[in-house]
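Peer 1: task: produce atomic coordinates for the following.
(2 chains)
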Amino acid sequence: MVIDVLWNNINILKIQKRNNLYISSIYKENINKVRENGFPLYFLKDVSVVSDELPDIIKHRISNINNMKGRLKFKNDNIDNLEEQIYEYINKTECRRPTDKFSIKIQI
Amino acid sequence: MKENIEDYRKAGFINLDEYFLNNPGSFTYPYYIDGYDEKNFWTQVGKEDKEKFIYVKPREGKEAEDIYNVYAELLYQEMMKQVGIKTANFDASYYDGNVATLSENVLDDYDKNEFIINSSELLCSNRYSSDSSIEDLFNTIHDYCEYEHIDKKQEEKCYKDIQKVCIADIFLLSTDRDINDLDFIAGKDNKENNVLELAPLCHNTYALGSNFSKDEIIDMLDNCDDMEQRLDLCYTDLGIPDDKINDNYLYWEDSLYYFIDKDEELEEFAKYCAERMNIDEAILKVEKKTKSKIPQEYKEFVRASFDQRFRALCDCLDLDYYKLMDEKYYEYEMEEK
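Peer 2: Model prediction:
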């Protein structure tokens, strides 16, 4: 599973899940472009190359996943299957907001 | 078919249900601004060329208390305007059969390179927890400004603006704010400089004692002592440092002294709030905006609750309550004329 974090549709961060670890890599070649569009590097300052947790910026965006369940009308209504719900939530919404340019995409 | 949401206002409230029924194409998937809030969402309204986002905060019902909370939000924003603090431009509405507030996106132009970041998002990037203190927030802002090469003046303004909001919150008995629900505008401005500034405020549902039920409000109006005691306990928990807490004072008094004791500008601002904030003017403006009448018992209650806090604050700030009231109402009456 690969999670892509984008800013204004430009890739910034790639997170690969291998076993129970998340391996993060920054798209260095795109940093100047996203900086021009207002992206703060501050968000990347603590991203670990290898971690057993998703980076904070992603975790924060999906932190209320259980509360959102009702409104999102998930196909799979099994609340125990949180990881699947997170994928479905991200796939459906790309975690976009009208107040910033972040989006998150998943490739399985 | 009416396309302007203002045309859907009935008895003061814009009926979004009816709007979406008549304008199905304009409704998009809800987007969430706050990672901790499950109900609030963004949606699009208007025709394609004039499409804009609105922020909707639905309440859980349409009981008296829910209606009070909507009016509290509107009164709060009017009173913040009186002292020059920007808030979202809230309006009263119905959504999903319940009352709600709505506001246009506070970012003027979404295509600009500015964006809104919530304080919880900033704090979590700096490894602070959900019960962070105001000083944690200041440290985080400092780190952000250093990292993004934001100039010292702008950083200082950011601290001052946060503290001014906290002081104004004390006047308005706001219990709804914690350090995790302030928003900031960040990104790049038109001159390509990195920016960080306090965004217009969005979270004010429980201002002016509106956290109480209708029965409690009616009881309090009959019992001044009870009202005084209960309202004294209305404060925003900002996590001010333990050594600034004095057991002889109420928490909001400690908060006020924490902000004004070492800063003349903030003390002046507190005095400015005392001079400028006028609940009657705010009530009139809200009624004019919504083309409706605020429920009488709630109107009496917010007048009394503001007045009680205002008196207490005049004592804290060494101001003459009666003189201020005379001046305020003389000016107000002249403006009305």
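
Peer 1: how about low-confidence regions in the chain?
Peer 2: Here I'm looking at chain A. Counting by pLDDT under 70, chain A contains low-confidence ranges at A:62-83, A:85, A:108.

Peer 1: my question was about chain B, not that one.
Peer 2: Ranges of chain B meeting pLDDT under 70: B:1, B:25-39, B:47-51, B:108-111, B:125-130, B:331-332, B:334-337.

Peer 1: how far away is B:K299 from B:A72?
Peer 2: The spacing between B:K299 and B:A72, counted by CB to CB, to the nearest Å, is 12 Å. All C-beta atoms are positioned from the backbone trio N, CA, C, and that covers glycine.

Peer 1: more crowded one of the two?
Peer 2: Neighbour totals were compared for B:K299 and B:A72, and B:A72 leads with 26 against 18 (other CB atoms under 10 Å in any protein chain shown).

Peer 1: contacting residues around the more buried one?
Peer 2: Contact analysis of B:A72 by CB atoms under 8 Å, 6 or more residues apart in numbering or on different chains lists B:N204, B:T205, B:Y206, B:A207, B:L208, B:S210, B:V302.

Peer 1: I'd say the third one and B:S174 touch.
Peer 2: Put plainly, it is B:Y206. Yes - applying CB atoms under 8 Å, one finds B:Y206 in contact with B:S174, separated by 6.7 Å.

Peer 1: more neighbours: which of those two?
Peer 2: Taking other CB under 10 Å, B:Y206 and B:S174 do not tie; B:S174 has more neighbours (27 against 22).

Peer 1: sec struct for the more buried one, please.
Peer 2: Three-state assignment for B:S174 (DSSP: H, G, I helix; E, B strand; the rest coil): coil.

Peer 1: against B:L238, how distant is it?
Peer 2: From B:S174 to B:L238 the distance is 11 Å (CB to CB).

Peer 1: with adjacent residues omitted, what lies nearest to the residue of the stretch 151-300 of chain B at minimum distance from chain A?
Peer 2: Taking CB to the nearest CB, chain A has its nearest neighbour within the stretch 151-300 of chain B at B:G187, 3.0 Å off. Among residues not flanking B:G187 along the chain, A:G38 sits closest, at 3.0 Å (CB to CB, 6 or more residues apart in numbering or on different chains).

Peer 1: the one you found is in contact with B:I116, isn't it?
Peer 2: No - if you go by CB under 8 Å, A:G38 and B:I116 don't touch, sitting 11.2 Å apart.

Peer 1: who's in contact with stretch B:90-99?
Peer 2: B:12-17, B:56, B:58-62, B:66-67, B:69-71, B:73-74, B:77, B:100-103, B:289-290, B:292.

Peer 1: just the ones in helices from those residues, please.
Peer 2: Cross-referencing those against helices under DSSP state H gives B:L16, B:D17, B:D66, B:I67, B:N69, B:V70, B:Y71, B:E73, B:L74, B:Q77, B:K289, B:T290.

Peer 1: identify the bridge partners of the residue lying closest to the first one once chain neighbours are set aside.
Peer 2: What it means is B:L16. Closest residue in space to B:L16, ignoring its immediate chain neighbours: B:Y95 at 4.6 Å, by CB to CB, 6+ apart. Here B:Y95 sits in beta bridges with B:N98, going by DSSP bridges.

Peer 1: ok, now B:F115?
Peer 2: Bridge pairing for B:F115 - DSSP bridges - gives B:A186.

Peer 1: who are the contact partners of it?
Peer 2: For B:F115, the contact set (CB under 8 Å, 6+ apart) comprises A:G38, A:T99, A:D100, A:K101, B:L107, B:I185, B:A186, B:G187.

Peer 1: please redo it, this time with the cut-off set to 7 Å
Peer 2: A:G38, A:T99, A:D100, A:K101, B:A186, B:G187 (CB atoms under 7 Å, 6 or more residues apart in numbering or on different chains).

Peer 1: now do B:I217
Peer 2: Contacts of B:I217 by CB under 7 Å, 6+ apart are B:E297, B:Y298, B:F301.

Peer 1: in helices, which of the residues you listed fall?
Peer 2: Short answer: those in helices (DSSP H) are B:E297, B:Y298, B:F301.

Peer 1: pull out the buried residues from the residues you listed.
Peer 2: B:Y298, B:F301 (16 or more other CB atoms under 10 Å in any protein chain shown).

Peer 1: export the ones in helices among the contacts of B:I217 to CSV and tack on distance to chain A?
Peer 2: Below are these laid out as CSV (distance: CB to the nearest CB, whole Å):
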residue, distance to chain A
B:E297, 33
B:Y298, 29
B:F301, 31
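
Peer 1: closest to A:I58 among the ones in helices among the contacts of B:I217?
Peer 2: B:Y298 (42.3 Å; CB to CB).

Peer 1: burial measure for the closest residue in space to the closest one that isn't next to it in sequence, as a count.
Peer 2: Distances taken as CB to CB, 6+ apart put B:Y68 closest to B:Y298, at 5.1 Å, once the chain neighbours are dropped. By the measure other CB under 10 Å, the count of residues near B:Y68 is 29.
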